[in-house]
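In: Everything below, folded, please.
(2 chains)
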Amino acid sequence: DSGVTQTPKHLITATGQRVTLRCSPRSGDLSVYWYQQSLDQGLQFLIQYYNGEERAKGNILERFSAQQFPDLHSELNLSSLELGDSALYFCASSSSGGGRYNEQFFGPGTRLTVL
Amino acid sequence: GQSLEQPSEVTAVEGAIVQINCTYQTSGFYGLSWYQQHDGGAPTFLSYNALDGLEETGRFSSFLSRSDSYGYLLLQELQMKDSASYFCAVSHYGQNFVFGPGTRLSVLP
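Out: Reported below is the predicted structural model:
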């Protein structure tokens, strides 16, 4: 158990819909990262937040957005869903967010299925 | 651009030593890290190289050569539980994180 929690575990929805994925980082960690992993694919970095502020952005679609709240939990919002958005979405956390690399602790993931 | 390359699959027998390579075309990064992911599970951190050279952590070692744009993960005394996918990753100065496509390791009895 990494200490990172994600809800829900599974999510099934239809094209065109909007969903919200939730992540709670490890106690004390200030950084939250979001990744997308499609079937048999690698991990695609989406976005990083550090202590409530956006720190880095990867290949995140405009239909996707995220935020980190004062209690440090984070939400990833996916809208106008398409079939290709079906994937495993991981959240990770680390103790730092600036400068040097820090080990990232991954949550169990949310499996999103778009029908 | 930023890209990493890894072999898609590697097979070895229990007790053997296996090396998983990672080559990259990128610059300006803090270091190279390695993650393990079992089927249906979450990635877990294995090792990190900030500087050139070898880092050893138990049965796992990782190596980085910035001049050769190359790194590898070395797994010794392979066990069945080592069957998993292994990803190399770099964290860039712009804080953008890039993962390789992953190498699926199969350990045979």
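In: need the helix or strand of the chain with the lowest average pLDDT.
Out: Just so you know, I chose chain A. One helix or strand of chain A scores below all others by mean pLDDT, DSSP states H and E: strand A:53-57, with a mean of 90.
In: right idea, wrong chain: chain B
Out: The helix or strand of chain B with the poorest confidence is strand B:97-99; it has a mean of 86 (mean pLDDT, DSSP H and E).
In: Contacts only, for the residue lying closest to A:Ser27 once chain neighbours are set aside.
Out: Sequence neighbours aside, A:Gly3 is the residue nearest to A:Ser27 in space, at 6.8 Å (criterion: Cβ to Cβ, 6 or more residues apart in numbering or on different chains). Glycine gets a C-beta too; all of them are placed from N, C-alpha and C. Residues near A:Gly3 by Cβ atoms under 8 Å, 6 or more residues apart in numbering or on different chains: A:Pro25, A:Arg26, A:Ser27, A:Ser93, A:Phe105.
In: Kindly report the same for B:Gln36.
Out: Counting by Cβ under 8 Å, 6+ apart, B:Gln36 touches B:Pro43, B:Thr44, B:Leu46, B:Ala84, B:Ser85, B:Tyr86, B:Phe87.
In: So what sits opposite the residue nearest to the first one when sequence neighbours are not counted in the bridge?
Out: Using Cβ to Cβ, 6+ apart and skipping the chain neighbours, the partner closest in space to B:Pro43 is B:Tyr35 (4.1 Å). When bridges are taken as DSSP bridges, the partners of B:Tyr35 come out as B:Phe45, B:Phe87.
In: What distance do you get for the residue in chain A positioned nearest to chain B to B:Glu55?
Out: Across chain A, no residue is closer to chain B than A:Ala56, which sits at 3.5 Å (Cβ to the nearest Cβ). Taking Cβ to Cβ, to the nearest Å as the measure, A:Ala56 and B:Glu55 are separated by 25 Å.
In: quick one: the residue of chain A closest to chain B and B:Tyr93 touch, right?
Out: No. Using Cβ atoms under 8 Å as the test, A:Ala56 is too far from B:Tyr93 to be in contact (10.3 Å).
In: Low-confidence regions, chain A specifically.
Out: Chain A contains residues with pLDDT under 70 at A:40, A:97-102.
In: need the residues of it near chain B, please.
Out: Selection of chain A residues close to chain B by Cβ under 8 Å from any Cβ of the partner chain yields A:2, A:33, A:35, A:41-45, A:48, A:55-58, A:90, A:92, A:97-101, A:103-109.
In: before we move on, back to that, tell me the strands beside the helix or strand just after the least confident helix or strand of chain A, with direction?
Out: Later in the chain than strand A:53-57, the nearest helix or strand by DSSP states H and E is strand A:64-68. In the sheet, strand A:64-68 lines up against strand A:74-78 (antiparallel) (DSSP bridges).
In: what separates the next helix-or-strand element following the partner strand from the chain centre, distance-wise?
Out: As assigned by DSSP H and E, the chain's next helix or strand after strand A:74-78 is strand A:87-94. Strand A:87-94 sits 5 Å away from the centroid of its parent chain (Cα atoms, centre = their mean, to the nearest Å).
In: re earlier: from the contact counts, what lies against the least confident helix or strand of chain B?
Out: strand A:43-50, strand B:3-5, strand B:84-92 (3 or more Cβ pairs under 8 Å, 6 or more residues apart in numbering or on different chains; DSSP states H and E).
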